[in-house]
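Asker: Model the following, please.
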Amino acid sequence: MVHFCLEPDDLLMGENKSSPGTAAAIINTVLLIGTKVGYQQHFDWACDQVLSKLVVAASLDNKPSKGGGERKAKKQKTQLNGEEEEKKKNKELLQSILNDVQPSLDSGSSTECYLARSASSASSKPLRVVLGVLPASVSRHNSPGQPHAVTALVKRHLRAKEATAILPLCTSKDHWFSVGCAIARVGGPLVYNRKTGPGRVTTMGGTSTTAGNGNGKGSSSVDDNGIDSAMAPEARVLFPQSMDKELQKQFAQLSTGIQLARNLVDQPCNELHTKAFMDQALESIRGLDHVSSRVIVGEELNKQGFGGLYNVGKAAEHPPALVILSYEPPSTKDQKSTVFVGKGIVFDTGGTQIKTKAGMPGMKRDMGGAAAMFSAFVTLATSGLISKRPLHAVLCLAENSVASNAMRPDDVIALHSGKTVEVNNTDAEGRLVLSDGVSSAISFLNPQTIIDMATLTGAQGIATGKYFGAIYSNDEELEQIAIEAGKLSGDLCHPVPYAPEFFRPEFASAVADMKNSVADRANAQVSCAGQFIGNHLGSFLEDGGQWMHVDMAYCVSGKDERATGYGVALLYAIVQKLEGKV
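Answerer: You can find the predicted model right below:
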């Protein structure tokens, strides 16, 4: 769990303020994170307002004293003097240690020590204090709060099954949003895990597999969705200046949304197939005000002309589905909408032109775009942020599988846009399902702005790397909003060239309106892949519509083979700007 606290006492008492000192025994680690300048600004606050309370932890001895009030007062005074002296020594010790911590130019550095708790503390266990120091400078394309360095430090020091107080010593409140999201990307309740061990019970598909704990009983920590409550660390975050309750609520919602996306991406296809994803999406919106849904599944997709989505997913055990989620509060009536369109390929074998042995593992993450879109939609629909435009999310769910009825190279298929496509690469399937998605948005949802997101190309990693999503947009204003939102949220993005006249010819076909893969792989593949989707927008752009494609193939997961939750905070920040709330 990640809790964003309003004041130091929230760290001590957590959610139960009626039990002073009880949570002090839970807080075993304090992690301070900041630049040297941040430490100069807030070190006294961290020591005097937070660390001193965690070391003392419990209130002074208030039990009746047989010697009367005078003896009791003398005892309390002695105790106070001793604890004040101890605070001073601890502060000097930490300052001395901090002076020796030197970060590199590119990444943070950290060290740790242990402080003995006072005799009046509710815990006798020493308090672990980690001093994390961020690089002194940050480049112009990075987020000023250095969220990726923050995530790395938190990931390094956060311990499973323990509670940690995290104190981000930000030099500006403008950095809070990216730093808060960076912490949310690490700690949270939604940790997918199927490992077995002593005292743990994992249930899969209704069958219980018990890992013994010595008495043959075990205790369940992994639920039917693979969420491991026992492994989730607890992080309590406190910024130096006062945080208002509205921002606290925003952080809590974003934290949940980011963790939801991470959990979805981490789940394998034998559990999160198209039907399971669809069911979870529909269950998540049940009971939400002003939210509705529309679902088109299997053969009905073919009947209604969604030839891209249908042909990509028709060979799988679980049929493809188009899931449309809509949030339309009364204040947005008759207004043009914002539409998210997410690629939801729950597993990608490559189809008939099958991937290699090394290229196929990890393809459970090919639904990262849909996971981000869905999670951002739920977060925004419960935020109270939206008042100007309706918000819709279109999830294009399919498994690109291999069977006798699978789509083949040379097949010619008709997409929802009315355009025909000659298939020359069955492993270029994402653009087919997204093209149907954006076309459905134009047909059904009255959009002003369409944003599609996908793990679309391997070329994205070459073009913009592992930290920057690649954006391809017809609209300079929307492009700039996305860049600013990326820096604000920590989900960085960077534009690739938008020049349809250079990229459309790559898809020339002798027998159809276009092929689905380029002729020249050296001609800006990321832009070309985006342009294929743009080919199916009809007159939307000419009529003044805004469109942006986000390729986040290499941003979706990290070196630890865990999902990052990329996209949720970015989309949230973009909508904030579109709504005029930032």
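Asker: phi, psi of Ile483?
Answerer: Summarising the backbone geometry of Ile483 under the convention degrees, to the nearest 10, its torsions are phi -60, psi -50.
Asker: That one contacts His494, doesn't it?
Answerer: Yes. With contact defined as Cβ atoms under 8 Å, Ile483 reaches His494; the gap is 7.2 Å. For the C-beta atoms, the positions are set from N, CA and C on the backbone; glycine is no exception.
Asker: and for these two, which residues touch both?
Answerer: Taking Cβ atoms under 8 Å, 6 or more residues apart in numbering as the contact criterion, the residues that touch both Ile483 and His494 are Ile471.
Asker: element containing Lys355, please.
Answerer: Assessed by DSSP states H and E, Lys355 sits outside every helix and strand.
Asker: That should have said Phe374, apologies.
Answerer: Secondary-structure element containing Phe374, defined by DSSP H and E: helix 368-381.
Asker: could you dump that helix to PDB, C-alpha only?
Answerer: Included here for helix 368-381 are C-alpha records, laid out as PDB according to Å, rounded to 0.1, in the frame of the first residue of the first chain:
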ATOM      1  CA  GLY A 368       0.200  -2.600 -22.000                       C
ATOM      2  CA  GLY A 369      -1.500   0.100 -24.000                       C
ATOM      3  CA  ALA A 370      -5.000  -1.100 -23.100                       C
ATOM      4  CA  ALA A 371      -4.000  -1.700 -19.500                       C
ATOM      5  CA  ALA A 372      -2.900   2.000 -19.200                       C
ATOM      6  CA  MET A 373      -5.900   3.300 -21.000                       C
ATOM      7  CA  PHE A 374      -8.300   1.300 -18.900                       C
ATOM      8  CA  SER A 375      -6.600   2.200 -15.600                       C
ATOM      9  CA  ALA A 376      -6.400   5.800 -16.500                       C
ATOM     10  CA  PHE A 377     -10.100   5.800 -17.500                       C
ATOM     11  CA  VAL A 378     -11.200   4.400 -14.100                       C
ATOM     12  CA  THR A 379      -8.900   6.800 -12.300                       C
ATOM     13  CA  LEU A 380     -10.300   9.800 -14.100                       C
ATOM     14  CA  ALA A 381     -13.900   8.600 -13.900                       C
END
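Asker: just checking, what packs against it?
Answerer: With contacts defined as 3 or more Cβ pairs under 8 Å, 6 or more residues apart in numbering; DSSP states H and E, the packing partners of helix 368-381 are helix 245-266, helix 274-285, strand 321-327, strand 337-348, strand 391-400, strand 447-454, helix 568-578.
Asker: The ones you listed: which one's closest to Phe540?
Answerer: Evaluated with Cβ to Cβ, the helices and strands packed on helix 368-381 place strand 447-454 nearest to Phe540, the distance being 7.4 Å.
Asker: Pull the residues that contact the closest one.
Answerer: With contacts defined as Cβ under 8 Å, 6+ apart, strand 447-454 is touched by 336-343, 368-369, 372-373, 389, 392, 430, 434, 437-438, 441-442, 469, 478, 533, 537, 540, 545-553, 567, 571, 574, 578.
Asker: hmm, back to that, could I get the helices and strands packed on helix 368-381 in a markdown table, plus columns for mean pLDDT and distance to Gln525?
Answerer: Formatted as a markdown table, the entries for the helices and strands packed on helix 368-381 read as follows, by pLDDT from 0 to 100; distance: least, Cβ to Cβ, whole Å:
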| stretch | mean pLDDT | distance to Gln525 |
| --- | --- | --- |
| helix 245-266 | 95 | 23 |
| helix 274-285 | 98 | 27 |
| strand 321-327 | 98 | 27 |
| strand 337-348 | 98 | 16 |
| strand 391-400 | 98 | 19 |
| strand 447-454 | 98 | 14 |
| helix 568-578 | 97 | 22 |
